[in-house]
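Here's my sequence, what's the structure:
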Amino acid sequence: MTISYGPLTWATSFEELTDTSVNYFWQGSFPVGYDEMGIPVDENGLQCLPLECIFHPSCRPRVIEELIDAQGEMYTLIVPDLSCCQKWFDDNFLEITQKTLRKHATAWTLRNNSPMTLRNIIMRIRPHASWWSENLYRSQDAKNGQ
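Residues are numbered from 1 along each chain as shown. Okay, here's the model as predicted:
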């Protein structure tokens, strides 16, 4: 039985620890199923994914408020700090591409900002969709020397 959540795959027994498809090694009990949020849980019903992981629906990473200037309008958007998210992967010896990390950070941003703020931004920049992808993390890239 394979237990997966996002790009993470857990071993569900000692025999699976050497399986090449397993990429996340949980320090607790092996997961046996999923809870109501779809997160892997062990036989005691405890989640097998830490809150610090950007994939956890309740993740609260360090955030940066970005001021988005689209067509002269200013908006405040709360986005996760990419270096904080990257650190979790590094600490767990997992590789993630910047593209994949940004995809999941963007999903977090969409889940954790007010729908009205997102609607206003999207309606304003929709004709300039490439602007969104090019500029959302520009200030973080500059701070991180990328």
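
for the protein, what are the low-confidence residue spans?
Applying pLDDT under 70 to the chain flags the ranges 1, 66-73, 124-146.

middle-most residue in this protein, spatially?
Residue closest to the average C-alpha location in the chain (C-alpha atoms, centre = their mean): I54, at 3.2 Å.

shouldn't T117 be in contact with Y75?
Yes - contact criterion C-beta atoms under 8 Å: T117 and Y75 qualify, at 6.5 Å. Where C-beta positions appear, they are placed from N, C-alpha and C, glycine not excepted.

Can you give me the end-to-end span of stretch 18-26?
14 Å (C-alpha to C-alpha, to the nearest Å).

what does stretch 23-30 give?
Start and end residues of stretch 23-30 are separated by 14 Å (C-alpha to C-alpha).

Could I get the phi/psi values of the residue nearest to the centre of the chain?
The phi/psi pair for I54 (degrees, to the nearest 10) reads phi -60, psi -20.

Quick one: list the elements packing against the longest helix along the chain.
Secondary structure of the chain read by DSSP state H shows that its longest helix is helix 98-111. Packing contacts for helix 98-111, counted by 3 or more C-beta pairs under 8 Å, 6 or more residues apart in numbering; DSSP states H and E, involve strand 73-80, helix 82-91.

Take the ones you listed and write them to TSV, including mean neighbour count and distance to T106.
Formatted as TSV, the helices and strands packed on helix 98-111 follow (neighbours: other C-beta atoms under 10 Å; distance: least, C-beta to C-beta, whole Å):
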stretch	mean neighbour count	distance to T106
strand 73-80	15	8
helix 82-91	16	11
